[in-house]
Structure formats: C-alpha cells, structure tokens
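kindly generate the corresponding structure for this input.
(one chain, ligands or ions: 2)
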Amino acid sequence: EVSITKFPADERKIIAKAHDKYKKARAGIINTRHGQIHTPAFMPVGTKGTVKAMLPESVQTTGADIILGNTYHLMLQPGAKRVFKLGGLHKFMNWSKPLLTDSGGFQVMSLSKLRKITEEGVIFNSHIDGSKFMLSPESSTEIQYLLGSTITMAFDECTPYPSTYEQAKSSMELTSRWAKRSRKAFYSRDGYGQFGIIQGSIYNDLRLKSALDLIELDFEGYAIGGLAVGEGQELMFKVLDYAPDLLPINKPRYLMGVGKPADIIGAVQRGIDMFDCVIPTRSGRNGQAFTKYGVVNIRNSKYKEDNTPLEEDCLCPACKNYTKAYLHYLVKVKEILGAMLMTWHNLMYFQKLMLRIREYIAQGKDFDFIS
Ligand SMILES: O=c1[nH]cnc2cc3nc(NCc4cccs4)[nH]c3cc12
Ligand SMILES: [Zn+2]
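Numbers count the residues shown, from 1 in each chain. Ligands and ions are numbered 1, 2, ... in the order given. Alright, predicted model coming up:
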C-alpha cells in the first residue's frame with residue numbers, strides 16, 4: 001500500500017506551531033514494494049532507462065530513493081513488451097528502488113510529430129522513424145505495468161498555458177474522463193500505486209472540480225499538473241497557495257517538472273511532497289553546477305586555472321578529487337567525464353537540499369534558505 005506515514009499528532013502540532021508560515025510543509029515516508037521514499041523527495045529523471053551519465057549505483061550514493069522513467073521513449077525503444085520479456089525496467093537498468101513512470105502523454109505532445117487528440121487517446125508518429133502509435137489511458141497504463149513501474153501515472157492532458165477558462169475547462173474534463181479509464185485499467189497490487197493528475201490551469205474552481213473528480217477514484221497519490229509550463233514562479237505559487245489543500249492530506253502530492261531549488265522550497269512550503277526535474281542532469285551536462293554560492297558556469301574562462309573544488313565540503317567525486325580547472329577543461333573539450341562529474345555533483349546538491357528540508361521540517365525549523 002503506497003501510503004504516507006505521518007508524524008504522531010503531538011509532533012505534528014510542534015511542527016505546525018514552530019513554523020506557522022510553513023504549516024503546510026510536511027516530511028514523511030512513502031512505503032512501496034521497492035523500498036521507502038523519504039519526502040519531500042526529488043526524483044532524478046532517467047528518461048531512456050538511465051539517468052544520463054550516471055551509473056545506477058552512483059545515483060544511489062547521491063541519496064535518491066526513487067527515479068523517473070519516461071514511458072514515451074521506452075515504448076518506442078526498446079518497446080514495453082521487450083522490457084517486460086527481459087524482466088522489467090528495474091532489472092533491465094539495474095535499479096532496485098522505486099521507479100515512477102510518467103504516462104507518456106506530456107512527451108507525446110512535446111516530442112512527437114503529427115499527432116491527433118481524440119476522446120480515445122492520442123495518435124502520433126514516432127519522432128524516431130515516423131511509425132504510427134496510439135497512447136490511451138488503457139495502453140499507457142498497460143505499458144507502465146509492462147515496465148514494472150512502482151508508481152504509475154494516470155494518462156492526462158497537460159492543459160497548455162495560457163488557456164482561456166473554456167479551454168481549461170474542457171481540457172480538465174477530458175483529463176477526468178481519462179483518469180477514470182486509467183484507474184479502471186490499473187492492476188492494483190500491494191506496494192504499487194497509481195497517481196492521478198489534476199488539471200484546471202490557473203482557475204481555482206476548475207482545480208477544485210478536477211480534484212473532486214480524481215478523489216472519487218481513490219488514487220494512491222495525486223500530482224498537480226499543468227504547471228511549470230511557462231506560467232512563471234509567481235503564478236505557479238499562486239495556484240499552489242490553494243491546490244495542494246484540495247487533495248487528501250494523507251496521500252503524496254507530486255508537482256510535475258519542478259524545478260529549481262527556490263521553486264522546490266516554495267512548493268514544499270505549500271504542501272508538496274515529490275518533485276522531478278531535468279535541471280540538475282541537463283544543466284550539469286551543459287556545464288552548470290549548482291553550489292551554495294549560486295550556479296557556477298564552469299565553462300567561464302575565470303575557472304581555467306582555479307585549483308579549488310566546486311564546493312569544499314561536498315562529498316561528491318567532482319568536489320573530493322578534482323578542481324574547477326579540471327572540470328572547466330573537461331567540459332570545454334567535451335570529455336564524457338565532464339558530463340559525469342558535473343551531473344553527479346548536481347544530483348548530490350539536489351539531494352542534500354531535500355535532506356536539509358526534511359531535517360528542518362522534522363525539527364520544526366523554518367527553511368527559507370535557498371542554498
Ligand atoms: O500536466 C502534466 N501532466 C503530465 N506531465 C507533466 C510534465 C510536466 N513537466 C513540466 N515542466 C517541466 C518541463 C519539461 C519539459 C518542458 S516543461 N510541467 C509538466 C506538467 C505535466
Ligand atoms: Zn560536489
């Protein structure tokens with residue numbers, strides 16, 4: 001049963017009292033078939049069955065309890081049936097901890113060529129070889145089952161931003177119909193869960209209706225969709241000021257696609273438990289390192305003879321054994337080790353941030369820090 005264990009009532013009172021401003025922040029544990037997830041949690045993105053430039057055991061040493069796999073990519077290559085035949089994604093990629101797979105819908109809309117949205121689902125041509133595919137609530141749920149996903153995401157439509165009220169309303173209603181079909185298609189097993197995704201854009205009555213529709217389906221957790229799609233942090237926080245409270249307090253709340261450290265901190269303060277974002281991995285490969293001094297663009301020539309580590313007290317291999325000068329050089333000459341070390345450091349940085357947030361919440365301390 002994917003459930004979030006709460007602190008005992010009296011401890012929760014302490015936490016709530018201690019930082020009234022953050023009374024919505026909560027730390028907990030999600031128990032799954034593949035192990036525990038300490039929340040608030042950051043999920044590194046492992047798009048094609050690998051967290052790019054990282055070995056799974058290295059991802060584990062950064063402290064990640066769970067990683068995300070993208071259904072769209074895996075269904076095209078190597079194919080969900082093949083992964084199933086080979087023992088499932090956990091075995092295939094040698095990751096034994098929890099895996100969350102997205103439904104594929106969001107990526108179809110952002111990656112595939114020529115697609116057609118119907119009541120049934122989305123028909124599209126593969127961006128790889130143009131071959132024709134269909135993703136529906138039923139097929140997406142089955143594909144995620146074949147992958148062996150610990151947490152399956154319902155098939156939704158991410159309402160674009162900006163959208164008019166009418167557009168957002170019909171999009172949200174489609175997501176509710178698809179959520180019902182996704183829930184029906186889900187093969188529920190102990191320790192596995194399925195999360196619904198609420199939509200409704202920036203309209204609070206639509207967000208409420210979406211939440212009510214999905215709560216009826218009794219998902220193991222709930223994601224807040226339709227955010228981090230260009231609305232900006234202010235508008236995202238405006239929605240997060242009320243949307244998490246529409247969801248069951250005892251179930252995990254997952255904010256899809258977020259985000260930078262400041263976004264994560266603000267969202268935790270508003271009651272979010274889970275995050276996924278490509279920023280630490282993608283920007284690492286692109287030469288950006290997150291540090292307590294801010295983001296370091298290692299390609300900047302001022303680092304070419306800087307014989308100090310990214311962060312003197314960081315325990316990652318990049319900081320323990322190498323200097324900014326070496327990282328500057330590796331990234332400049334596009335050496336693979338450069339991508340590896342920068343990625344490792346960033347994932348460590350994001351996990352350390354989550355660890356500190358969890359500790360501050362558990363101690364009832366404010367955590368407005370951004371470092
Ligand atoms: O409503 C959603 N439904 C299902 N998947 C999503 C993924 C999402 N990822 C972002 N932001 C991060 C981005 C990644 C690539 C372009 S924006 N926002 C997202 C919203 C949704
Ligand atoms: Zn480091």
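
Asp190 - how many residues pack around it?
9 (other Cβ atoms under 10 Å). Quick note: C-beta positions are derived from backbone N, CA and C, even for glycine.

test my guess that it contacts Arg33.
Yes: contact criterion Cβ atoms under 8 Å: Asp190 and Arg33 qualify, at 6.8 Å.

average pLDDT across the host helix or strand of Ala179?
Ala179 belongs to helix 165-185 when assigned by DSSP states H and E. Helix 165-185 shows a mean pLDDT of 98.

and the residue most central in space within the chain, bridged to which residues?
The centroid of the chain falls nearest to Asp276 when counting by Cα atoms, centre = their mean (1.9 Å). On the basis of DSSP bridges, Asp276 is bridged to Met43.

does it touch Ala228 like I think?
No: contact between Asp276 and Ala228 fails when scored by Cβ under 8 Å: they sit 10.1 Å apart.

quick one: the helices in the stretch 1-150 of the chain, in order.
Remark: helices assigned in the stretch 1-150 of the chain by DSSP state H, counting those that start in this stretch are 9-18, 56-61, 71-76, 80-85, 89-93, 105-111, 137-147.

among the ones you listed, which is nearest Leu327?
helix 56-61 (16.5 Å; Cβ to Cβ).

rounded mean pLDDT for that closest one, please.
Here the average pLDDT along helix 56-61 is 98.

so how far is that helix off the chain centroid?
Remark: helix 56-61 is offset 17 Å from the chain centroid, using Cα atoms, centre = their mean, to the nearest Å.

outside of that helix, which residues touch it?
For helix 56-61, the surrounding residues in contact (Cβ atoms under 8 Å, 6 or more residues apart in numbering) are Pro44, Gly46, Thr50, Val51, Ile67, Met93, Asn94, Trp95, Lys97, Trp344, Leu347.

one more: stretch 254-261?
100, 102, 106, 195, 197, 221-225, 227-229, 236, 240, 264, 267, 272-277, 279, 290, 350, 353, 370.

okay, and which of those map to helices?
Phe106, Met236, Leu240, Ile264, Ala267, Ile279, Phe350, Leu353 (DSSP state H).

picking up where we left off before, go through the helices of the stretch 1-150 of the chain and name the closest to ligand 1.
helix 105-111 (3.4 Å; Cβ to the nearest ligand atom).

what packs against the closest one?
In this structure, helix 105-111 makes packing contacts with helix 71-76, strand 122-125, judged by 3 or more Cβ pairs under 8 Å, 6 or more residues apart in numbering; DSSP states H and E.

contact partners of it?
Counting by Cβ under 8 Å, 6+ apart, 70-73, 115, 122, 124, 127, 135, 140, 155-158, 256 sit against helix 105-111.

can you do 7 Å?
Outside helix 105-111, the residues within contact range by Cβ atoms under 7 Å, 6 or more residues apart in numbering are Asn70, Tyr72, Arg115, Val122, Phe124, His127, Leu135, Ser140, Phe155, Asp156, Glu157, Cys158.

so which bits of the stretch 201-350 of the chain are right by ligand 1?
Counting by Cβ under 6 Å from any ligand atom, the positions of the stretch 201-350 of the chain adjacent to ligand 1 are Gly225, Gly226, Leu227, Ala228, Val229, Met256, Gly257.

what does the protein have sitting close to ligand 2?
Cys314, Cys316, Ala318, Cys319, His345 (Cβ under 5 Å from the ion).

please indicate which of the residues you listed are buried?
Neighbour-count burial (16 or more other Cβ atoms under 10 Å) is assigned, among the residues of the chain next to ligand 2, to Cys314, Cys316, Ala318, Cys319, His345.

now those residues as TSV including pLDDT and distance to Ile357?
Shown next, in TSV, are these (pLDDT from 0 to 100; distance: Cβ to Cβ, whole Å):
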residue	pLDDT	distance to Ile357
Cys314	98	17
Cys316	98	19
Ala318	98	23
Cys319	98	21
His345	98	19
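
identify the farthest-apart pair in those.
Cys314 and Ala318 (7.7 Å).

who touches both of the two?
His345.

name the element Ala211 belongs to?
Assigned by DSSP H and E, Ala211 falls in helix 204-215.

if we can go back for a sec, pretty sure the residue nearest to the centre of the chain contacts Val45?
Yes: assessed by Cβ atoms under 7 Å, Asp276 is found in contact with Val45 at 5.8 Å.

overlap of the contact sets of those two?
Contacts common to Asp276 and Val45, judged by Cβ under 7 Å, 6+ apart, are Leu68.
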